[in-house]
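Undergrad: give me coordinates for this.
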Amino acid sequence: MKELSAYLGATRIGRSDIDYEHNRLLYIPIIELLRSTIKGIQRERCEVVIVYTLNRFTEITRIAGKTMLIYDRYVGQAFSALTRILYWSPNTETSARAFARMFAEQAIVSGDAPGSLAGTMLFEKTSKYWNLPQSISNVNVASQIRLQEIFVFAHEYCHLIMADNVDFRDSRRRIGNLLMEGPDKNDGDIAQDYAAFSERYPKRSTYKQWRQMREDDLAFTALHADELRDELACDEFALYIVLLACKMLKIDAQHGFKSVFLAMRNIRTLSYIRQLANPRLGRLGLASALPVRLLQKRQHLLRTSFGLAAMACGVEEEFRSIGTELMDLSDLHDRQVDNPLLFSVIPQLQNVRKKLFKKRGMSTFPEVSTISRALGWDPDADKLKYTVI
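TA: The predicted model follows:
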């Protein structure tokens with residue numbers, strides 16, 4: 001389709017070595033599972049376009065009179081890198097290479113030449129440290145990465161169906177409302193929650209601070225209810241699809257819950273990089289960054305739906321013992337991924353960026369095409385290859 005090719009060429013930087021059959025092998029099973037789950041809905045068959053681009057974002061758009069889901073499979077590659085870092089990275093030097101590349105790519109997208117050069121320089125400098133095993137070397141890691149991608153794909157597919165089907169949209173929004181309400185809490189429950197939190201994270205906050213945080217959280221949810229409702233609706237749908245995929249692939253449902261939890265954490269990590277690699281947004285910091293706060297809230301509220309999904313899929317037994325494991329996984333993600341990224345790699349990159357900006361002047365930076373090639377992309381490809389399924 002000429003219009004689709006023109007749109008992709010104008011909005012994305014991509015590689016030219018994407019294998020059509022490999023795309024179909026990866027994504028047709030997911031799409032068939034999605035279509036069978038919503039069978040009978042008016043828009044059960046939708047055009048899905050698979051791309052692989054530096055931009056690493058998925059979108060729903062209308063081209064030549066057709067609504068399309070443009071899914072960027074580079075999201076899955078990012079999940080692979082972050083999950084391998086989570087389990088196998090021995091030090092910050094190893095993880096810095098992946099973080100530097102992601103930072104450089106997002107700086108290119110935001111039009112920041114000094115940031116993209118700073119990221120590329122660290123990417124090349126740390127190349128000798130990147131010696132983590134391939135994901136396929138461990139069946140548990142490989143399946144977690146696959147399930148994370150299924151979650152994100154199903155989430156976006158749900159948005160696509162909601163956009164064109166009123167009945168489906170209304171039913172999903174009822175689920176979103178249910179998740180936003182959460183379980184009823186009285187003061188005794190809050191005190192009990194705080195006691196459990198304080199035992200695990202001593203001296204992190206006082207009970208008064210804890211109560212204030214809960215009140216601020218409720219106010220934030222009320223202020224952004226419309227957006228959260230739709231996002232939670234699609235999160236819950238995607239969680240259900242992941243659990244169905246676990247049954248189909250004969251994977252333990254606990255693995256599915258952990259994978260969805262990791263997907264939300266990794267999406268949040270990518271949002272950190274997207275925010276901090278953009279000098280205009282980076283000055284605001286993360287505390288006031290709305291996309292980051294919304295993701296944090298989504299993750300918290302989605303966990304309340306784990307029990308509902310477990311009942312719907314008949315896996316209550318597998319779910320009962322997972323609470324502590326999810327907290328352990330969260331702590332591991334902090335230690336291995338977010339803390340090295342936010343407290344070591346990003347400050348280093350931002351410092352180098354400032355020095356480059358002062359030293360070189362904007363006219364002396366390499367062209368985007370040069371930096372893109374250093375990161376492994378082909379900005380001069382005549383066409384972006386894609387697969388329509």
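
Undergrad: and I30, how many neighbours?
TA: 20 (other CB atoms under 10 Å). For every residue, glycine as well, the C-beta is placed using N, CA and C.

Undergrad: same question, A64
TA: By other CB under 10 Å, 10 other residues sit near A64.

Undergrad: quick check: it touching Y7?
TA: No. Using CB atoms under 8 Å, A64 is not in contact with Y7, being 9.3 Å away.

Undergrad: report all helices and strands that the helix or strand encompassing I31 contacts.
TA: Element membership of I31, judged by DSSP states H and E, is helix 20-37. Helix 20-37 sits against strand 47-51, helix 139-164, helix 225-249, strand 387-388, with contacts defined as 3 or more CB pairs under 8 Å, 6 or more residues apart in numbering; DSSP states H and E.

Undergrad: out of those, nearest to S259?
TA: Across the helices and strands packed on helix 20-37, S259 has its closest neighbour in helix 139-164 (3.6 Å, CB to CB).

Undergrad: select the longest strand from this structure.
TA: Counting residues, the longest strand found in the chain (DSSP state E) is strand 66-72.

Undergrad: pairing partners for that one, with directions?
TA: strand 47-51 (parallel), strand 59-63 (antiparallel) (DSSP bridges).

Undergrad: which outside residues touch the first one?
TA: For strand 47-51, the external contacting residues (CB atoms under 8 Å, 6 or more residues apart in numbering) are 4, 8, 12, 14, 18, 23, 27, 31, 66-73, 157, 384-389.

Undergrad: now swap in the last one and tell me
TA: When contacts are defined by CB under 8 Å, 6+ apart, strand 59-63 is touched by residues 1, 3-4, 7, 67-70, 156, 159-160, 163.

Undergrad: how many residues are close by N339?
TA: 12.

Undergrad: hmm, I was thinking of L329
TA: For L329, the tally of surrounding residues (other CB under 10 Å) stands at 17.

Undergrad: same question for T324.
TA: Residues lying near T324 (other CB under 10 Å) number 9.

Undergrad: which strand or helix spans it?
TA: T324 is part of helix 323-333, with elements assigned from DSSP H and E.

Undergrad: output the contacting helices and strands for that helix.
TA: Using 3+ CB pairs under 8 Å, 6+ apart, the elements in contact with helix 323-333 are helix 253-276.

Undergrad: I'd like the next helix or strand past the helix it packs on.
TA: helix 279-282.

Undergrad: who touches that next one?
TA: 110, 112, 115, 274-276, 289, 350, 353.

Undergrad: which two of the residues you listed have the greatest separation?
TA: Using CB to CB, these reach their maximum pairwise distance at A289 and R353, which is 18.6 Å.

Undergrad: more crowded one of those two?
TA: Neighbours were counted for A289 and for R353 using other CB under 10 Å; R353 has more, 23 against 18.

Undergrad: and that one, how close does it get to L117?
TA: Look at R353 and L117: by CB to CB, to the nearest Å, they are 8 Å apart.

Undergrad: same deal with L86?
TA: L86 is 28 Å from L117, by CB to CB.

Undergrad: do K39 as well
TA: Distance from K39 to L117, by CB to CB: 50 Å.

Undergrad: and for I190?
TA: On the measure of CB to CB, I190 and L117 end up 49 Å apart.

Undergrad: more neighbours, these two?
TA: Using other CB under 10 Å as the criterion, I190 and L117 rank with L117 on top: 23 against 14.

Undergrad: who touches G256 in this structure?
TA: Contact analysis of G256 by CB under 8 Å, 6+ apart lists 147, 239, 242-243, 245-246.

Undergrad: and of these, the nearest to Q209?
TA: Relative to Q209, and with distances defined as CB to CB, the nearest of the contacts of G256 is L239, at 31.1 Å.

Undergrad: go ahead and confirm that closest one touches R303.
TA: No. Look at L239 against R303 with CB under 8 Å: they stay out of range, at 10.0 Å.

Undergrad: doesn't D380 lie inside a helix?
TA: No. Under DSSP: H, G, I helix; E, B strand; the rest coil, D380 falls outside any helix and is assigned coil.

Undergrad: now it. Its backbone dihedrals?
TA: Phi and psi for D380, reported as degrees, to the nearest 10, are phi -100, psi 10.

Undergrad: pretty sure R373 is touching P379, no?
TA: Yes. Contact criterion CB under 8 Å: R373 and P379 qualify, at 7.2 Å.

Undergrad: could you name every residue contacting both of these two?
TA: Shared contacts of R373 and P379, defined by CB under 8 Å, 6+ apart, are absent.

Undergrad: hey, which of the strands paired with strand 66-72 is tucked in deepest?
TA: Highest mean neighbour count of the strands paired with strand 66-72: strand 47-51, a mean of 20 (counted as mean count of other CB atoms under 10 Å).

Undergrad: ok and it relative to helix 139-164, angle-wise?
TA: Angle, strand 47-51 to helix 139-164, by axes from the mean of the first three to the mean of the last three CA atoms, to 10 degrees: 140 degrees.

Undergrad: which pLDDT value belongs to the residue nearest to the spatial centre of the chain?
TA: With distances taken as CA atoms, centre = their mean, I267 lies nearest the centre of the chain, 2.3 Å away. You'll see I267 listed with a pLDDT of 96.
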